[in-house]
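**Student:** Provided below for reference: sequence and predicted model.
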Amino acid sequence: MSGEAVEPAGDAASLPAPSPAAPRLRRLGLADSIEPTADRFPRLSRLLAGAASLRGSGELAARCGTVQSVRQNTLIVDGLSKWSNLGDLLRVGDGDEAWFAQIIAANPDTVVAKPMTTAIRVKVGDEVELIGPIKLFPSQGWKGRILDAFGRPLDGGGPVPAGHHRLDPYGPPPEAMKRERIVERAITGVHAIDLFVPVCHGQRIGIFGGSGTGKSSLLSLLANTRGFDTIVIGLIGERGREVREFVEDKLGQGHRNATVIASTGDEAPSVRMLAANTAMLAAEYFRDRGERVLLIIDSVTRFAHAVREVGLAAGEMPVVRGHTTLLYSSLSQLLERAGPSEGGGMITGIFSVLVDGDDHNEPVADAVRGILDGHIVLDRAIAATGRFPAINIPMSLSRLSDVALDREQTALVRQARRLIATFEQADEMRRLGGYVEGADQYVDMALKLVPQIYDYLTQDVQSLEQAGYDPFARLAAFLAQANSQPPAGAGRPAEARREGQAVPLQAQG
């Protein structure tokens, strides 16, 4: 074979000549690049090793800004305008000293954040980290627990099991055409409500009253009703001592089937706003699983006061009694989330409203009354007589009474309302000496029967009725006495006029 050339296999002319200067390229992964550089570049090796340990954790980078200005209740932060949205959280400080603020306004170069704590420890130039929107993890483990606005336990009962889905506490209301119809009456066990202000499953109703009129007493009656699968209670802006008292004394055995979201009056306004929305989120979670939920929020007024503080801090102009336009959108956004939805679940909402100065036409009361499906008015004069719940029957109504009551029940209620209205007018005139007993038989019958009806309407937790009772049978028995009397005649009023006595009231309606 020596001296003979060896022919290469194939067509050698078709193969490109190798270029001795062409480098050989190989794609290196993060882990592959660590060991080759460990000896020559130890510092780079350590950095790459640390980066590899964080791979997939989402903590490789954080968007941070700088505190530009500190005001009494707000922070001005530079460097986050392009990355943040309204409602996003900011973390201020590190470790156990860290606290949160919520973005309430954004400018081209800065954002305005409202601290979610009353203990503000920050100075100009401090670094602030953008966390993002608030997300909560409600679960069945929330039942029987007392939680704060962030879903953290307040009852010392250990950790709260987290749900499988992250949910937005500021979620939108159900679409109008995706709501189920309200068709079924709810039995509360409270005589005055079941008779004169009937509530249906999925209805939203307000309890309006000034301070000291018994709102908490009425809410404790409703919280102990047995006609619902789950009870969610939002204590917004309450006195610190009242939270434990309400749970242990007024809620009683119902606590095991209830979720309590509490935010006391000393907490930051943004936390009080969040607490009301967290209570609504908990109710939505159970509703979406087909449960009948009773949601009680006490009180919407303190939620509205928190909205006012946040709106003013964001730079909005006050429009009425210090409230900004944020009030009306926030109330609608919150209250419209209650009610029915697809899937058979219902949220029956009971919202208490602390009426400022006993003025039932003040902005918060007027706005809430226009959104809800009915209102229960508590009267200070009635409470002063010791009759609780101190419900003013003529001033209270349910917009779904035609759904809750049949024809016979509606007739009974109308007749009773006429008697009560006659009694309220005649009783005042009688005390002033403007009515003489016997001048009108219908008025005399109202003065005789209505106090008996009022006695029947007086209740406490121990006398709360359970499912299956029929208040209309008792009301019919009262009204049977009125029906057995002859109608108000025309003779007696004329005689009263001839004798110079006071002119009597005529039968109402």
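**Tutor:** Thanks, I have the structure now. Numbers count the residues shown, from 1 in each chain.

**Student:** what residues does stretch 124-131 touch?
**Tutor:** 62-70, 75, 77, 80, 83-84, 88-93, 100-101, 113 (C-beta atoms under 8 Å, 6 or more residues apart in numbering). C-beta here means a position set from N, CA and C on the backbone, and glycine is covered the same way.

**Student:** oh, I was asking about stretch 137-155
**Tutor:** For stretch 137-155, the external contacting residues (C-beta under 8 Å, 6+ apart) are 134, 136, 157, 159-167, 230, 243, 247, 255-263, 267, 271-272, 274-275, 278, 281-282, 285.

**Student:** so where's the longest helix in the protein?
**Tutor:** helix 407-431 (DSSP state H).

**Student:** how about the strands in the stretch 301-450 of the chain?
**Tutor:** 339-340, 346-354, 374-377, 397-398 (DSSP state E, counting those that start in this stretch).

**Student:** residue ranges with poor pLDDT in the stretch 51-200 of the chain?
**Tutor:** 51, 53-61 (pLDDT under 70).

**Student:** which residues in it form helices?
**Tutor:** Assigned helices in the stretch 51-200 of the chain, in chain order: 191-196 (criterion: DSSP state H, counting those that start in this stretch).

**Student:** that one: strands as residue ranges?
**Tutor:** Using DSSP E, counting those that start in this stretch, strands in the stretch 51-200 of the chain cover 64-70, 75-78, 89-92, 99-106, 110-115, 127-132, 146-147, 185-186, 199-200.

**Student:** quick one: closest of these to residue 355.
**Tutor:** Comparison of those against residue 355 by C-beta to C-beta identifies strand 199-200 as nearest, at 20.5 Å.

**Student:** any idea how far that closest one is from the chain center?
**Tutor:** Distance, stretch centre to chain centre, for strand 199-200: 18 Å (C-alpha atoms, centre = their mean, to the nearest Å).

**Student:** list the contacts of it.
**Tutor:** With C-beta under 8 Å, 6+ apart, strand 199-200 has contacts from 182-186, 188, 193, 205, 348, 374, 398, 400, 403-404.

**Student:** got CSV for those residues, with neighbour count too?
**Tutor:** Below are those laid out as CSV (neighbours: other C-beta atoms under 10 Å):
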residue, neighbour count
182, 19
183, 12
184, 12
185, 20
186, 22
188, 25
193, 29
205, 24
348, 29
374, 20
398, 21
400, 21
403, 15
404, 22
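
**Student:** the residues you listed: which two are farthest apart?
**Tutor:** Most distant of the contacts of strand 199-200, by C-beta to C-beta, are 183 and 193, 18.8 Å apart.

**Student:** list the buried residues for stretch 446-466?
**Tutor:** 446-447, 449-450, 453-454, 456-457, 459, 464-465 (16 or more other C-beta atoms under 10 Å).

**Student:** measure it end to end?
**Tutor:** 29 Å (C-alpha to C-alpha, to the nearest Å).

**Student:** same thing with stretch 233-248?
**Tutor:** Note: stretch 233-248 ends 13 Å apart using C-alpha to C-alpha.

**Student:** shaky segments in the stretch 351-500 of the chain?
**Tutor:** 467, 484-500.

**Student:** which stretches of it form helices?
**Tutor:** 363-371, 380-384, 401-404, 407-431, 441-457, 471-483, 491-498.

**Student:** and the gap between residue 421 and residue 395?
**Tutor:** To residue 395, residue 421 is 10 Å away according to C-beta to C-beta, to the nearest Å.

**Student:** what's the closest non-adjacent residue to the most centrally placed residue in the chain?
**Tutor:** For the chain, residue 276 is the residue whose C-alpha lies nearest the centre (C-alpha atoms, centre = their mean; 4.0 Å). Using C-beta to C-beta, 6 or more residues apart in numbering and skipping residues adjacent in sequence, the residue nearest residue 276 is residue 303, 4.6 Å away.

**Student:** what do you get for residue 119?
**Tutor:** Residue 119 sits nearest to residue 99 (C-beta to C-beta, 6+ apart), 7.3 Å away.

**Student:** please name the bridge partners of that neighbour.
**Tutor:** residue 92 (DSSP bridges).

**Student:** now for it, how many residues are close by?
**Tutor:** Burial of residue 99 is recorded as 17 neighbouring residues (other C-beta atoms under 10 Å).

**Student:** show me what contacts it?
**Tutor:** 91-93, 115-117, 119-121.

**Student:** hmm, which two among the residues you listed are most spread apart?
**Tutor:** Across those (C-beta to C-beta), the longest gap, 14.9 Å, separates 91 and 119.

**Student:** of these two, which one has the most company?
**Tutor:** residue 91 (16 against 8).

**Student:** distance of that one from residue 111?
**Tutor:** 14 Å.

**Student:** do the same with residue 435
**Tutor:** Taken as C-beta to C-beta, the span from residue 435 to residue 111 is 67 Å.

**Student:** with residue 233 instead?
**Tutor:** 34 Å.

**Student:** ok, now residue 370?
**Tutor:** Distance from residue 370 to residue 111, counting by C-beta to C-beta: 33 Å.

**Student:** I appreciate the help and will end here.
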